[in-house]
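Trainee: how would this look folded up:
(one chain, ligands or ions: 1)
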Amino acid sequence: MPTAIEIFKHLPKKNCGDCKYPTCLAFAMQLANNKAKLDDCPHLSEAGRNALARSSAPPIRLVKVGAGGDAVEMGDETELYRHDKRFFHPTAFALRISDDLSDRDADARVEHARSLRYERVGQTLKMDLLELECRSGSPEKFLRFVTRVAAACDWPLVLRCSDPAAMSAAAEAVKERRPLLHPADGEDLEAMAGVAKACGCPLVLADAELGKLADLVERTRKAGVEDLVLDPRPDNLKELLERCTIIRRSAIRKTFRGLGYPIYVSVPAGKDGMLMASTAVMKYGSLLAFEELPASNALPLMVLRQNIYTDPQVPIQVKPDLYPINNPGPDSPLLFTTNFSLTYFTVMSDLEKSKVPVWLQVVDTEGLSVLTAYSAGKLTAESVKAALDASGAKESARTGTLVIPGMVARMSVKLKEATGLEIIVGPKESSALPKFLRS
Ligand code: SF4
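Mentor: Residues are numbered from 1 along each chain as shown. Sure, this is the predicted structure:
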């Protein structure tokens, strides 16, 4: 985003106030801070609008693959380091299926992709796309394969085929699904760009030399295709890290539009694949296409992705409320914890394991864990009482007692005064809850 002064140069300088700001400079400052829109100024010239739209375009283009609610969005990132603000669009995962497989084996691969689905801290972790590859060399077979798999699974698709004629037929058959086409390199660039333009699909440009990749971008944009993804074709971990970092750094730090696109990484099978995939999740990979992805690799990679793409300034939170666990009744114990998702789901899982019916009161601590919230003054006797009152916990759980986390045993006296409940100090670690409750 340009600075307020750079924006100001393109404004009409009438100071008329029609944008609801007293001067053009005040409006420019709001625009620079993303608090106003270009359209708020009705007097902006066409040239000024175009110049501002160009300079305020995101350094990495947003590219959508797929149509409707399940479309995958990539790019539109603004940071080199996650802690500077956040990363926005999580790395998409695709499982590769090739047309040389039997129908039965291809169906099994689709089912495997579907089975890689997990719940963690209240979020669903899953695969995002299927990559359909032409390995048979037969355009007819590829077309039949793509049509068949697309009918069986409505996920967004990547079509991987180096023959422009075969790609054209397959892309035409599923173009309403807006598949990503891979790859276009130096030799067949114009032909592949023609297919992408005719079908309205995004296109992956591939070259191991980043200078040539930027040239391909220029040529493809001249051919009328703007939605591009870059495949820097790394063969090993060093090349992956080096090329992805140069692409991201050029786009963010130098606003170099020639490399300002999402990054595609093909992940080989085996141990090297796991290393490359985890590095690509951390270092700017927008879409990973897996040759193989066993469940033992999928879960850690998805958890890594979840952690990298969580906003570091906004902890994942659950709704403060009273939660029944294992079908509790009025004589069941009442416990409390905080609304930090990781804390809540850890405690809930341990309580479920105990098989003891309990009530769990979740207290709003703005997403902080128990000890952090206590130290920050967000977990107090008053906030616990307010949470119990708001949820009507004392009407549901009538034992007259409250089990508190062992970490905050020092709250006992104040809690008893505030709530009128007898306080029982529970274990310091959530994992000790089942034994504690059963005894
Ligand atoms: Fe300036 Fe446009 Fe705002 Fe008028 S409406 S003050 S010309 S920015």
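
Trainee: need the helix or strand of the chain with the lowest average pLDDT.
Mentor: Here the helix or strand of the chain ranked lowest by mean pLDDT, DSSP states H and E is helix 46-55, holding a mean of 82.

Trainee: C-alpha coordinates for that one, CSV please?
Mentor: Output in CSV follows, covering the C-alpha atoms of helix 46-55 (Å, rounded to 0.1, in the frame of the first residue of the first chain):
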residue,chain,number,x,y,z
GLU,A,46,-9.9,7.9,-14.4
ALA,A,47,-6.1,8.2,-14.6
GLY,A,48,-5.8,8.8,-10.8
ARG,A,49,-8.0,5.9,-10.1
ASN,A,50,-6.0,3.5,-12.3
ALA,A,51,-2.7,4.7,-10.8
LEU,A,52,-3.9,4.2,-7.3
ALA,A,53,-5.6,0.9,-8.0
ARG,A,54,-2.3,-0.3,-9.6
SER,A,55,-0.1,0.9,-6.7
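
Trainee: Around the ligand, pick out the residues from the stretch 201-350 of the chain.
Mentor: Taking Cβ under 6 Å from any ligand atom, no part of the stretch 201-350 of the chain reaches the ligand. C-betas here are computed from N, CA, C, even on glycine.

Trainee: All the helices of the stretch 201-350 of the chain, in order from the start?
Mentor: 210-222, 237-253, 271-282, 295-308, 341-354 (DSSP state H, counting those that start in this stretch).

Trainee: The third one versus helix 237-253: what angle between them?
Mentor: Pointing back at helix 271-282 there. 10 degrees (axes from the mean of the first three to the mean of the last three Cα atoms, to 10 degrees).

Trainee: Please enumerate the strands of the stretch 251-400 of the chain.
Mentor: Secondary structure of the stretch 251-400 of the chain (DSSP state E, counting those that start in this stretch): strands at 264-267, 287-290, 322-325, 334-338, 358-363.

Trainee: want to try a markdown table for the ones you listed, with mean neighbour count as columns?
Mentor: Listed next are those as a markdown table, based on neighbours: other Cβ atoms under 10 Å:
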| stretch | mean neighbour count |
| --- | --- |
| strand 264-267 | 26 |
| strand 287-290 | 26 |
| strand 322-325 | 18 |
| strand 334-338 | 26 |
| strand 358-363 | 23 |
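
Trainee: what does the stretch 1-150 of the chain put close to the ligand?
Mentor: 11-12, 14-19, 21, 23-24, 27, 41, 43.

Trainee: Contact partners for Lys435?
Mentor: If you count contacts by Cβ atoms under 8 Å, 6 or more residues apart in numbering, Lys435 has them with Pro427.

Trainee: mind checking the SS state of it?
Mentor: In three-state terms, and counting by DSSP: H, G, I helix; E, B strand; the rest coil, Lys435 is helix.

Trainee: ok, of the residues of the stretch 1-150 of the chain next to the ligand, which come out buried?
Mentor: Listed as buried from these are Leu11, Cys19, Tyr21, Thr23, Cys24, Phe27, Cys41; burial here means 16 or more other Cβ atoms under 10 Å.

Trainee: The nearest residue to the last one once chain neighbours are set aside sits in which helix or strand?
Mentor: Residue nearest to Cys41 in three dimensions, not counting chain neighbours: Cys19, with 4.7 Å by Cβ to Cβ, 6 or more residues apart in numbering. In this structure, Cys19 is located outside every helix and strand according to DSSP states H and E.

Trainee: Cys19 contacts Ala36, correct?
Mentor: Yes: Cys19 is within contact range of Ala36, at 6.9 Å (criterion: Cβ atoms under 8 Å).

Trainee: Next, the residue of the stretch 251-400 of the chain at minimum distance from the ligand: phi, psi?
Mentor: With Cβ to the nearest ligand atom as the measure, Thr255 is the residue of the stretch 251-400 of the chain nearest to the ligand, at 24.2 Å. Backbone geometry at Thr255, expressed as degrees, to the nearest 10, gives phi 50, psi 50.

Trainee: Cross-check the contact I'm expecting between it and Pro59.
Mentor: Yes: with contact defined as Cβ under 8 Å, Thr255 counts as touching Pro59 (5.3 Å).

Trainee: mind listing what the residue nearest to the spatial centre of the chain touches?
Mentor: In the chain, the C-alpha nearest the mean C-alpha coordinate belongs to Pro90, at 2.7 Å (Cα atoms, centre = their mean). For Pro90, the contacting residues are Arg305, Gln306, Ile308, Tyr309, by Cβ under 8 Å, 6+ apart.
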